[in-house]
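S.K.: quick one, fold the following:
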Amino acid sequence: MRPFYERVSLKTLQWLLWIFSALIMFVSYISEDGVVIAGCWAVFNGVFLAIVMYTNILVLYPRFYERGKKGLYFFWVAVLILGITPIRALVTWTIFYYYLMKVPDKLTYVWFLNSFLSTVFAYVMSLIFRIAIAYFTLKKVTEEIMLQKTQAELNLLKSQVQPHFLFNTLNNIYYESYRESPRTALLIERLSEIMRYFVDESPRQFVLLATEIRFLENYMALEQIRIRYGVHIRFVKDCNPEWKVPPMLLMTFVENIFKHGIDKTSPLNSVDISLKCEGSYLHFRTKNRLNPQEIEPHTGFGIKNLGERLCLLYGKDYELSTYSDEANFNAFLKFPLT
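M.R.: Below is the predicted model:
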């Protein structure tokens with residue numbers, strides 16, 4: 001059985017920490033102030049602590065610090081601390097020392113100093129919380145990657161049922177058909193290359209860009225068999241074929257084109273595909289005519305799954321977008337090359 005810290009979710013852990021903190025504050029004040037005041041004090045402190053912590057964790061840190069705007073980040077942290085400090089001091093004095101205490105106390109700089117120190121403490125705690133969130137997020141991503149790797153290895157083992165027998169048989173059929181129909185032989189050769197790609201290349205972490213391009217070309221050639229009037233495809237390859245990319249990463253866009261973007265009754269189908277290397281990034285664009293038979297073009301889980309895979313591979317260092325104009329559906333993908 002896995003230990004508790006591995007099974008508990010981040011949300012559950014936060015609730016446990018907040019309950020624990022409230023109990024500590026409640027017990028600390030109950031002996032001197034009684035149950036009512038101690039309870040109010042615990043709730044009051046918890047609210048202000050949460051405001052400071054989650055403002056930093058959910059707003060300031062991701063919006064400024066993670067985007068490299070450290071100067072703006074520390075500026076807004078200062079604004080947050082200096083803004084919360086007088087509000088907390090005034091509320092503390094008004095509620096606890098004017099309404100709940102029998103003898104009201106005077107508002108002096110001591111309350112502002114205590115409020116300032118408490119707010120700074122809340123900010124420091126928010127950084128600790130942020131580190132914990134990052135740890136749990138990284139741990140979850142690592143577990144997902146390991147699970148996907150295990151599943152891929154299992155799928156590979158299932159698919160490797162005498163693959164060499166299949167390839168040898170296809171080669172024999174290729175040579176037999178080449179005499180009678182060279183075009184059919186060429187299609188058999190493309191199918192053989194696709195199958196070999198699935199067996200030999202897809203389990204790898206990275207493949208040559210040239211291999212991935214060849215796989216896309218073979219796939220599109222076989223898909224065209226099912227289309228009566230064919231498809232006019234413009235494939236621009238302005239990239240170094242020696243770069244490496246994760247296998248099957250470019251397939252989603254191309255598969256969606258033939259699944260959703262082709263009108264099999266029209267002779268005017270056209271597709272533009274572009275692969276360009278800019279610096280250490282690959283820019284992959286596709287454009288195809290809108291299919292009038294598709295109400296919502298390119299819907300489904302393909303793009304969503306692609307985004308999740310990119311997030312696991314590159315974190316936030318990628319761009320993925322799709323949009324439609326009056327006549328075409330466009331897709332764009334940018335990610336680092338290896």
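
S.K.: how about the helices in the stretch 101-250 of the chain?
M.R.: For the stretch 101-250 of the chain, applying DSSP state H, counting those that start in this stretch gives helices covering 109-159, 163-180, 182-196, 209-223.

S.K.: what is the orientation angle of the third one with helix 209-223?
M.R.: Same thing as helix 182-196. 130 degrees (axes from the mean of the first three to the mean of the last three C-alpha atoms, to 10 degrees).

S.K.: out of the helices of the stretch 101-250 of the chain, which gets the lowest mean score?
M.R.: Least confidently modelled of the helices of the stretch 101-250 of the chain is helix 163-180, at a mean of 65 by mean pLDDT.

S.K.: returning to that earlier point: so which of the helices of the stretch 101-250 of the chain is the most surrounded?
M.R.: helix 209-223 (a mean of 19; mean count of other C-beta atoms under 10 Å). Backbone N, C-alpha and C define where each C-beta goes, glycine included.

S.K.: re the thing from before, now render the helices of the stretch 101-250 of the chain as a markdown table, adding distance to G230.
M.R.: Converted to a markdown table, these look like this (distance: least, C-beta to C-beta, whole Å):
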| stretch | distance to G230 |
| --- | --- |
| helix 109-159 | 31 |
| helix 163-180 | 21 |
| helix 182-196 | 13 |
| helix 209-223 | 10 |
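
S.K.: for P62, find the nearest of those helices.
M.R.: helix 109-159 (9.4 Å; C-beta to C-beta).

S.K.: can you work out which other helices and strands pack against that closest one?
M.R.: helix 10-55, helix 70-94, helix 302-314 (3 or more C-beta pairs under 8 Å, 6 or more residues apart in numbering; DSSP states H and E).

S.K.: and if we set it to 10 Å?
M.R.: Counting contacts by 3 or more C-beta pairs under 10 Å, 6 or more residues apart in numbering; DSSP states H and E, helix 109-159 packs against helix 4-7, helix 10-55, helix 70-94, helix 302-314.

S.K.: which of these has the lowest average pLDDT?
M.R.: helix 4-7 (a mean of 50).

S.K.: tell me the contacts of the closest residue to G307 other than its chain neighbours?
M.R.: By the measure of C-beta to C-beta, 6 or more residues apart in numbering, the closest residue to G307 outside its immediate chain neighbours is L320, 5.5 Å from it. L320 sits next to 252-253, 284, 303, 306-307, 310-311, 331-335 when contact means C-beta atoms under 10 Å, 6 or more residues apart in numbering.

S.K.: return the set of buried residues in stretch 40-51.
M.R.: Buried residues in stretch 40-51, counted by 16 or more other C-beta atoms under 10 Å: 40-42, 44-46, 48-49, 51.

S.K.: between the helices and strands packed on helix 109-159, which gets nearest to K140?
M.R.: Nearest of the helices and strands packed on helix 109-159 (C-beta to C-beta): helix 10-55, 8.3 Å.

S.K.: domain map for this protein?
M.R.: 4-157, 160-203, 208-213+227-336 (automatic domain parsing).

S.K.: among the ones you listed, single out whichever gets nearest to A221.
M.R.: Here domain 160-203 is closest among those (C-beta to C-beta), at 5.3 Å.

S.K.: can you get me a residue count around I95?
M.R.: 15 (other C-beta atoms under 10 Å).

S.K.: hmm, it is touching W41, no?
M.R.: Yes. Between I95 and W41 there is a contact at 9.4 Å, judged by C-beta atoms under 10 Å.

S.K.: coming back round to it: now, among the contacts of L320, which is nearest to L290?
M.R.: Out of the contacts of L320, the member with the shortest distance to L290 (by C-beta to C-beta) is A331, at 12.8 Å.

S.K.: what pLDDT is listed against that closest one?
M.R.: 92.

S.K.: what do you get for S274?
M.R.: Predicted confidence (pLDDT) for S274: 93.

S.K.: so what's it up against?
M.R.: S274 neighbours (C-beta under 10 Å, 6+ apart): 234-239, 283-287, 332.

S.K.: ok, of those, which come out buried?
M.R.: Buried among the contacts of S274 by 16+ other C-beta under 10 Å: 237, 239, 283-287, 332.

S.K.: quick one on the thing from earlier: would you check which pair of the contacts of S274 lies furthest apart?
M.R.: Farthest apart among those by C-beta to C-beta are C239 and K287. That separation is 17.7 Å.

S.K.: state the distance from the residue nearest to M53 when sequence neighbours are not counted to V207.
M.R.: In space, M53 comes closest to S126 once its chain neighbours are excluded; the distance is 3.9 Å by C-beta to C-beta, 6+ apart. With the distance defined as C-beta to C-beta, to the nearest Å, S126 ends up 43 Å from V207.
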